[in-house]
Structure formats: C-alpha cells, structure tokens
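Engineer: here's a sequence, model it:
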Amino acid sequence: MYRQARWDEPLLYEIGDAGRTGFIPPEPGEDVKGYVGELKIPESVARRGPPPIPGVSEVELVRHYTRLAEMSYGVDSGPVPLGSCTMKYNPRIALRYSYHPKLEHLHPLLDDSAVQGILEIMYRMQEWLKAILGMDYCTLHPAAGAHGELAGVLVMRRYHKAKGQLDTKREVIVPDSAHGTNPASAAMAGFTVVEVPTGSDGNIDMEALRAAVGRETAGFMITNPSTLGLFEENILEIAELIHGVDGLLYYDGANLNGILGHARPGDMGFDIAHVNLHKTFSAPHGGGGPGAGPVCIRDKSIGDGISLKDLVPGPVVVYRGGEYRLEWPRLGGAIRAWQANTSVVVWAYIYILSMGAKGLRMAGEVSVVNTNYFISRLKEASRYYEIPYGGERHRKHEVVVSAKPLKAVTGVTAEDIAKFLLDSGLYAPTIYFPLIVDEALMFEFTESETRENIDRYVEALKRAAELAMEDPERLKSMPRNTSSLRVNLVEANHPKTVTPSWRVYIRRRRGEIGPLR
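Structural biologist: Next up, the predicted model:
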C-alpha cells in the first residue's frame, strides 16, 4: 500500500507550558547594558505585563524551528529549477559580508563623509552594471525587480511628458509571453497595454508588431532571452521600429543570466533596463524578498537641457574631488525611502568581484549548456513531452516543456507531474506559465547544477510518464511525502477573508470548533 508520510509539527503555542521561558525581558527602568548599550527602558514604552509569547524553553524553541526548517526545501537542499526566477546557489562568502554588523548598523541619514566605504561599493556596482548592460547611467534605488520595472516605465512616461506628447503616447506593447509584471507596470504607469503574439519560430510576430506600432506607441517591453528561453532574433529590427515612432525600448532583466557576458541590452538598442540583482547575481530571494532592481538607461537628449538620465528616480553615487557622494537627479524624484536595498547590493558586489568578467561569462555559458543538455536527454521521452515554439532552436537559460501529449492520452496534467516531482524529493518547476504553452513546465537549472542533478530530473519525468500510463489516479493523489499535502486549487484561489487568531486556530485544529464558513 502506498503510505503517506506524516508531518505533525505542532504550533509553537501548543508546545511547552506557561511556566517555561527561554528569555526574560527586562523590567521597566531596568539597566539593559549588554543588550543595546548604556540604556534604561523608559516607562512610556515599557511593557505593562507579561508579553503574550508561548511558554517554551530555549531548547524547545530551537528544536521547533529546526524541525520546521527540515520540512522546508530551498536552494541549499537541492536544485530549484524555477524558470525565469534564476534560483542559483548563494555563495556563503557573500552572506558573511552582506549581514556584517558594520553594514547592518549604518543609518541611511549619515553624512556621506562617514560612509565612504559603502558608497564606494555602490559606485563600483553602478559602473559594473553599466558595463555589463551597455548603458550610460544606473541607479541602485529600486527595492526589487518589479519595483525597478515600474520605475523604468515611469521614466518612459516622464520622457513623453517632457516632450509634450503624453496625451498622444498612450500605449505600451508587450509580447504574449511577457512576465505578468510587464503589463501590470505599464497599466500602473497609466498606459494602455497592447499585446502582440509570438510566432511559431519563437520570435515576436513581426507582422503583428508592425500593425500594432503607431503614433500612440510609447514603448515596447520585452525580455531577451524570452520566457520561452529563446533569443529574439529580430531585436535590432524591433528597436528600429520602436524608435521610428519615438517610442522607448524597455529591457526586462529577469533573463539576463542567459546572455551574461555575451550580449548587452544597450548594444541591442534598449533605452531602459532593470536588473534583478537577486537573480542574475546570486543574492537569495523568494517569498517576496529580499531583492534589488537597479534601473539603467542609455542616455539621450530630450531638449531644453534635459536628458533621459534626469528623469530616473533615486540617487546615484558620484566620485568627485576624491570623495564619493550621493547625488539626486534633477527631475527624477524617488520611488521609495532611502538609497538602495544595500545588503543585496553588497551580496551582488561580492559575487561579481569573486567571479570576474571571465567568470560571469562562463556562468552564462554553463547555464545555457545545462538547459540544452536537459533538452537533449528529455528527447528520450518525446512521446510524452514536447517543446513548443522554435522547433530545434537551441534555448538559452531556460526551456518550457509541455505535458500536453501525456495529458491527451492519460489525463495527467502539468500539475500532476509537478506533484510527482515533489514526492520524488525534487523541487517542482514553474507550471502553467507562460500562458501561451499548454500544460507548461518551465525549467531553469542555471550554472549551479551538476549533470547528475539534471539527470535525476530527466529520469523522474520519465518515471512520471510511465506511472501516468499505468495508474494515472495514483499520480493525482500526490504528493504524499511532503509537509503539506495536495491543495484544492479551487479553494486555494478563493481564500477566506477572515484571519482567525491563533487561539481560534488551535481550537479548530483540536476539533473544538468547526471550520470557517
């Protein structure tokens, strides 16, 4: 019989006893030297009674969180082949310095003269990103990739406003394979989104693009390589077409890892680009952060003494008279508080410094080799899986596999395959994206993974297909060995709006009260 694993870790409030404690907070007025220096807690902010925390000892607390960590899966556990997310290995030398006390205790309002070291790091990062992307100007200001994307589209808006043509320039074009943040950012910036399809060769449908481009075109947002893992072969023609109507070409940097050291957005004709430092340059991310999304631009004159760089939000670090200083743009303003998500900038700085130009180029090459090795091995199961768009074209950093042939015969879906991978101890890829691929499974192994790990995924995909032919219902009952079992997607997509307190949650777990209605 196929048995289900049990993961019954209780809530922290269900552990221990009210009389136990692992830490005793200081009383009002008590000297707390050794905690935060020579300081007494003022009466106005002191607690009025015991803090509402669980009654657990230190050893119970440590064991609880250790068990929770064992229930989780991350990039330190094994491969995380999330397509377009570039979840690569996070070097520990970068961790050591990114969270160094000297960095953590810096205040963003310190005078520039007191923080020359961190300003020098930020300055070098700006210069390196300009060289890597082929751009003229760069700010580290935005807090994450989508945040940088919005900042870049706002630059596009300000460009047309400065030229007095914002009433005319209403549309931003995006491919049908675009990341969801592209149309979202364009809409948030006040533009109408126009979608263009992907051709059977995996490139943008140029006939459809020519029909979409006109006097109302403010710009075009594109990822290159695309979400399909294909390099856009018509990018120079696209740039000429967009610039021909005074539009701006925007580069979504999510997939920069696939061309790192081999091609630069600035050389392709892009005017604006954001970079996901937490993807391409190895800082850890997931669950909404941390991240950093620098925006770089290829400068151009607008008129009246204004150029495109004057419209970029956030400060840049300049070096003048032997000193590094923060300098704010003339017209750009800000899109968040403070200068940058500094710990992520430092992490990426250490990664680039340790890799060097040759190492970065090799990282891009190996990520491409890994993807295409995976494709060549997966051909052994071509009766179950197919790779749509582009025929036999080589992919870059990622590939989108379709389980459509398997579903047609067995009813087993991409979701079922993903759950099988989880039960096999492997992290599942992104599924059902991009929307233009039926039963999509998007794999991106990056340069971090060994051939043996890629082989494990191929063999698991083959086993999943064989099991689907023999017993599809067994696949549909998976996963059975993970800390959370299969989620009802209907209920998951329509969550309850009421969040109960932890006491109500415990009573519900114990069966003392019924479920939410």
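
Engineer: point out where the stretch 301-450 of the chain drops to low pLDDT.
Structural biologist: Residues of the stretch 301-450 of the chain meeting the criterion pLDDT under 70: none.

Engineer: where do the helices sit along it?
Structural biologist: 342-378, 404-410, 414-423 (DSSP state H, counting those that start in this stretch).

Engineer: only C-alpha atoms, please: export the last one in CSV.
Structural biologist: In this case it means helix 414-423. Extracted C-alpha coordinates of helix 414-423, given in CSV (Å, rounded to 0.1, in the frame of the first residue of the first chain):
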residue,chain,number,x,y,z
ALA,A,414,1.5,19.5,-15.6
GLU,A,415,0.3,20.0,-12.0
ASP,A,416,0.2,16.2,-11.5
ILE,A,417,3.8,15.9,-12.9
ALA,A,418,4.9,18.7,-10.5
LYS,A,419,3.4,16.9,-7.5
PHE,A,420,5.2,13.7,-8.5
LEU,A,421,8.5,15.6,-8.6
LEU,A,422,7.8,16.8,-5.1
ASP,A,423,7.2,13.3,-3.9
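
Engineer: for that helix, packing partners?
Structural biologist: strand 430-431, strand 440-443, helix 451-470, helix 472-475 (3 or more CB pairs under 8 Å, 6 or more residues apart in numbering; DSSP states H and E). In this view, the C-beta of every residue, glycine as well, is placed from N, C-alpha and C.

Engineer: what would the ones you listed look like in TSV with distance to residue 296 and mean neighbour count?
Structural biologist: Formatted as TSV, the helices and strands packed on helix 414-423 follow (distance: least, CB to CB, whole Å; neighbours: other CB atoms under 10 Å):
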stretch	distance to residue 296	mean neighbour count
strand 430-431	26	20
strand 440-443	26	24
helix 451-470	33	17
helix 472-475	45	16
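
Engineer: rewinding a little: from the helices of the stretch 301-450 of the chain, which stretch is densest packed?
Structural biologist: Each of these was scored by mean neighbour count; the highest is helix 414-423, a mean of 23, by mean count of other CB atoms under 10 Å.

Engineer: show me the shaky parts of the stretch 1-150 of the chain.
Structural biologist: Along the stretch 1-150 of the chain, segments meeting pLDDT under 70 span 1-6, 24-51.

Engineer: mind listing the strands for it?
Structural biologist: Assigned by DSSP state E, counting those that start in this stretch, the stretch 1-150 of the chain shows strands spanning 137-139.

Engineer: the closest residue to residue 87 other than its chain neighbours: neighbouring residues, count only.
Structural biologist: Spatial nearest neighbour of residue 87, excluding adjacent residues (CB to CB, 6 or more residues apart in numbering): residue 80 at 3.9 Å. Counted with other CB atoms under 10 Å, residues neighbouring residue 80 total 24.

Engineer: start at 626 instead
Structural biologist: New numbering, starting at 626: the last item is residue 705.

Engineer: show me what contacts residue 705?
Structural biologist: 698-699, 712, 1052 (CB atoms under 8 Å, 6 or more residues apart in numbering).

Engineer: now those residues: which count as buried?
Structural biologist: The neighbour-count test (16 or more other CB atoms under 10 Å) applied to those identifies 698, 712, 1052 as buried.

Engineer: need these in JSON lines (columns: distance to residue 634).
Structural biologist: Formatted as JSON lines, the buried ones among the contacts of residue 705 follow (distance: CB to CB, whole Å):
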{"residue": "698", "distance to residue 634": "15"}
{"residue": "712", "distance to residue 634": "25"}
{"residue": "1052", "distance to residue 634": "20"}
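
Engineer: stretch 721-740: end-to-end distance?
Structural biologist: End-to-end distance of stretch 721-740 (CA to CA, to the nearest Å): 19 Å.

Engineer: who touches that stretch?
Structural biologist: 743-744, 908, 948-951, 962-964, 967-969, 971-972, 975.

Engineer: which parts of that stretch are buried?
Structural biologist: Buried residues in stretch 721-740, counted by 16+ other CB under 10 Å: 723, 728, 740.

Engineer: most widely separated two among the contacts of residue 705?
Structural biologist: Greatest spacing in the contacts of residue 705, by CB to CB: 698 and 712 (11.1 Å).

Engineer: between the buried residues of stretch 721-740, which is nearest residue 807?
Structural biologist: residue 723 (29.1 Å).

Engineer: and the gap between the closest one and residue 915?
Structural biologist: Counting by CB to CB, to the nearest Å, the separation of residue 723 from residue 915 is 9 Å.

Engineer: what sits in contact with each of those two?
Structural biologist: Residues touching both residue 723 and residue 915 (CB under 8 Å, 6+ apart): 908, 968-969.

Engineer: and the strands in the stretch 876-1025 of the chain?
Structural biologist: For the stretch 876-1025 of the chain, applying DSSP E, counting those that start in this stretch gives strands covering 897-900, 920-922, 926-928, 931-932, 941-945, 948-952, 1024-1027.

Engineer: packing partners for the first one?
Structural biologist: Secondary-structure packing of strand 897-900 (3+ CB pairs under 8 Å, 6+ apart): helix 741-758, helix 770-787, strand 873-878, strand 920-922.

Engineer: now the second one
Structural biologist: Secondary structure elements in contact with strand 920-922, counted by 3+ CB pairs under 8 Å, 6+ apart, are helix 741-758, strand 762-764, helix 770-787, strand 897-900.

Engineer: could I get these as CSV with distance to residue 813 and mean neighbour count?
Structural biologist: Listed next are those as CSV, based on distance: least, CB to CB, whole Å; neighbours: other CB under 10 Å:
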stretch, distance to residue 813, mean neighbour count
helix 741-758, 24, 19
strand 762-764, 19, 23
helix 770-787, 6, 24
strand 897-900, 14, 29
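
Engineer: of the buried residues of stretch 721-740, closest to residue 999?
Structural biologist: With CB to CB as the yardstick, the closest approach to residue 999 among those comes from residue 723, at 31.0 Å.

Engineer: how much space between that closest one and residue 751?
Structural biologist: Plainly put, residue 723 is 18 Å away from residue 751 if you go by CB to CB.

Engineer: with residue 979 instead?
Structural biologist: According to CB to CB, residue 979 stands 19 Å off from residue 751.

Engineer: residue 827 now?
Structural biologist: Counting by CB to CB - residue 827 and residue 751 are separated by 34 Å.

Engineer: what's the answer for residue 1055, then?
Structural biologist: In terms of CB to CB, residue 1055 sits 31 Å off from residue 751.

Engineer: cool, and residue 915?
Structural biologist: When distance is defined by CB to CB, residue 915 is 19 Å away from residue 751.

Engineer: how about residue 1109?
Structural biologist: Relative to residue 751, residue 1109 is positioned 42 Å away (CB to CB).

Engineer: any chance of TSV for the buried residues of stretch 721-740, columns distance to residue 767?
Structural biologist: Shown next, in TSV, are the buried residues of stretch 721-740 (distance: CB to CB, whole Å):
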residue	distance to residue 767
723	18
728	19
740	20
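
Engineer: that older thread, looking at the buried ones among the contacts of residue 705, which is nearest residue 899?
Structural biologist: Nearest to residue 899 among the buried ones among the contacts of residue 705, with distances taken as CB to CB, is residue 712, at 18.6 Å.
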